[in-house]
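1. For reference, the sequence and a predicted model appear below.
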Amino acid sequence: MSRRLIRLLLVLLTLSVALIGGVAIGETSIEPSVVLQVLANKLWGAGYLLDPIDEGIVWNYRLTRALVAAACGAGLATCGVILQSLLRNPLADPYLLGISAGASTGAVMVALLGVGAGAISLSVGAFAGAVTAFVLVILLARVSGSASGTGQIILAGIAGSQLFNALTAFLITRSASSEQARGIMFWLLGNLGGVRWPSVWLAVPVALLGLVVCLWHRRALDAFTFGADSAASLGIAVRRVQILLIGCAALVTAVMVSIVGSIGFVGLVIPHAARLLLGTGHARLLPASALGGAVFLIAADVLSRTLIKGQVIPVGVITALVGAPVFALILVGRRSAR
């Protein structure tokens, strides 16, 4: 059995265990055997006799949460790897391009101002806002210099984020009641509570597509580690690859934010941890980061549901509480290793 096949089986086993754990652990615990029996009934018509309530909780609530959490974690971690490599900035994360701030503004406009006259959902409004913010950031970077220049994109992303965050705060302050403001803030901090199977059918293919595109360009990403000039000298079509991969990162991030809101630190911490363990080769770094992001967000979702009995904490709060200390430890460890 080849090493590649063994690694693939280990990845699938780890992800399966994380998913089953994410479904089994919750406000009320459900035995892993029951989870497997529900899956057998739904997927292959096995005919196990189960409590309809347990079956509904597993299939319609917890499994969808776990799958979307895995897809979002994998997608955000993959985007973090892309941006840190292309921009050569260790602090780059998927929200650097103003996408999260734009999504927040789009969602608030739909929720408070009735944009779309009820014809579009909160997620659609968030996606439209994210795409709008990304386009404005790229235009600003292009006007200020070069749309592929790392410095211009970073500065334009910061400016765009501040603009849309201010607009979001203004809309909430002016138009929202206290109850509306609380609901919007809960969504903005990351919320997996409303995801159902349509969200799964959107999040999982987008995350897989982003990972496949990045793996296809893994050699180009390796070359970008030494800078754009070095990549060009190795025959890489620098501008085309930059536009394609940054556009891919923007699309994946926009879709994930539109589904679950803004979840921080996944795209920042996980690539650093994977790079520390496996090195900078993107053939291993990309799958490891995707797997780490998926497992991390599943675990964060479980904690968000179980940490305080009878109350669900926004998952973005959990990722920040765990991610910030871990990131600090990674930085200290890297400095000690030098």
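-> Received it, and whenever you're ready, just let me know what you need. Numbering: from 1, shown residues only.
2. Give me the pLDDT value at residue 256.
-> Listed pLDDT for residue 256 reads 89.
3. Going forward, count from 116.
-> Sure, I'll start numbering at 116, so the last one becomes residue 371.
4. and it, how far is that from residue 305?
-> Between residue 371 and residue 305 the computed distance is 10 Å (C-beta to C-beta, to the nearest Å). Placement of C-beta: from N, CA and C, glycine included.
5. Which parts of the helix or strand containing residue 313 count as buried, going by neighbours?
-> Taking DSSP states H and E as the criterion, residue 313 maps to helix 312-331. Residues of helix 312-331 classed as buried: 314, 315, 317, 318, 319, 321, 322, 325, 326, 328, 329 (neighbour count, 16 or more other C-beta atoms under 10 Å).
6. what's the answer for stretch 295-303, then?
-> Under 16+ other C-beta under 10 Å, the buried positions of stretch 295-303 are 299, 301, 302, 303.
7. residues making contact with that stretch?
-> 219, 222-223, 226-227, 237, 283, 287, 291, 376-377, 429, 431 (C-beta atoms under 8 Å, 6 or more residues apart in numbering).
8. can you pull out the helices in the stretch 166-315 of the chain?
-> Residue ranges of the helices in the stretch 166-315 of the chain, as given by DSSP state H, counting those that start in this stretch, are 167-171, 178-201, 214-228, 237-259, 265-290, 293-303, 312-331.
9. Next, the angle from the last one to helix 237-259.
-> Think helix 312-331. Inter-element angle recorded for helix 312-331 and helix 237-259: 30 degrees (by axes from the mean of the first three to the mean of the last three C-alpha atoms, to 10 degrees).
10. list the contacts for the residue lying closest to residue 248 once chain neighbours are set aside?
-> Nearest residue to residue 248, sequence neighbours excluded (C-beta to C-beta, 6 or more residues apart in numbering): residue 217, at 2.4 Å. By C-beta under 8 Å, 6+ apart, residue 217 lies in contact with 244, 245, 246, 247, 248, 249, 251, 275, 279.
11. Could you dump these into a markdown table and include distance to residue 422 and pLDDT?
-> Listed next are the contacts of residue 217 as a markdown table, based on distance: C-beta to C-beta, whole Å; pLDDT from 0 to 100:
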| residue | distance to residue 422 | pLDDT |
| --- | --- | --- |
| 244 | 30 | 86 |
| 245 | 29 | 85 |
| 246 | 34 | 85 |
| 247 | 35 | 88 |
| 248 | 32 | 88 |
| 249 | 34 | 85 |
| 251 | 38 | 89 |
| 275 | 34 | 89 |
| 279 | 30 | 91 |
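12. ok so, going back, of all the contacts of stretch 295-303, which two lie farthest apart?
-> By the measure C-beta to C-beta, 227 and 431 form the most distant pair in those, at 20.5 Å.
13. Distance check, the residue of the chain positioned farthest from its centre against residue 153.
-> Relative to the centre of the chain, and counting by C-alpha atoms, centre = their mean, the farthest-placed residue is residue 164 at 36.7 Å. Residue 164 sits at a distance of 12 Å from residue 153 (criterion: C-beta to C-beta).
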